[in-house]
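Asker: My questions concern the predicted model and sequence given below.
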Amino acid sequence: MEVEVAVPAAQTDRLALRDLAAALAQLPDDQREMLLLVGLEGFSYREAARITGAPMGTVMSRLSRGRQRLRQVMDGEIAQLRRVK
């Protein structure tokens, strides 16, 4: 007997990734930097502080504020606006 495992469509993954990238673009640079260093790259708070030259408390507060704002944007509580460069 074969068991089939449900796999999400690749298009769904691309849309989710697009939405995440758009939400990250809405964050202030300092918050986005911390989210990427700690959340994506896997650096510790101490390493992120050393890389950015910010005190560890600042790293922690930027990360906390960035996570909260990212949640709000992803949940639609904060409208996603396009940045014009």
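Answerer: Alright, I've got the coordinates.
Asker: Can you list the buried residues in stretch 68-78?
Answerer: Using 16 or more other CB atoms under 10 Å as the test for burial, stretch 68-78 gives Arg69, Leu70, Val73, Met74. Any C-beta I mention is one placed from the backbone N, CA and C, and that applies to glycine too.
Asker: Quick check: end-to-end length of stretch 38-48?
Answerer: In stretch 38-48, first residue to last residue: 7 Å (CA to CA, to the nearest Å).
Asker: same deal with stretch 35-55?
Answerer: 16 Å.
Asker: Now tell me what touches it from outside.
Answerer: 24, 27, 33-34, 56, 58-60, 62-63, 66-67, 70 (CB atoms under 8 Å, 6 or more residues apart in numbering).
Asker: So which residues make contact with the top helix by length along the chain?
Answerer: If you go by DSSP state H, the chain has its longest helix at helix 56-74. The contact list for helix 56-74, computed with CB under 8 Å, 6+ apart, reads 19-20, 23-24, 26-28, 30-35, 38-39, 45-46, 48-49, 52, 54, 78, 80.
Asker: I'd like to know the average pLDDT value across it.
Answerer: Helix 56-74 shows a mean pLDDT of 95.
Asker: Return the alpha-carbon coordinates of it using CSV.
Answerer: Coordinates of each C-alpha in helix 56-74 appear next as CSV, following Å, rounded to 0.1, in the frame of the first residue of the first chain:
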residue,chain,number,x,y,z
MET,A,56,23.1,44.0,23.0
GLY,A,57,20.1,45.7,24.6
THR,A,58,19.5,47.7,21.4
VAL,A,59,19.7,44.5,19.4
MET,A,60,17.1,42.9,21.6
SER,A,61,14.7,45.8,21.4
ARG,A,62,15.1,46.2,17.7
LEU,A,63,14.5,42.5,17.2
SER,A,64,11.4,42.6,19.5
ARG,A,65,9.9,45.7,17.7
GLY,A,66,10.7,44.2,14.3
ARG,A,67,9.0,40.9,15.1
GLN,A,68,5.9,42.7,16.4
ARG,A,69,5.7,45.0,13.4
LEU,A,70,6.3,42.1,11.0
ARG,A,71,3.5,40.2,12.6
GLN,A,72,1.2,43.2,12.2
VAL,A,73,2.1,43.7,8.6
MET,A,74,1.6,40.0,7.8
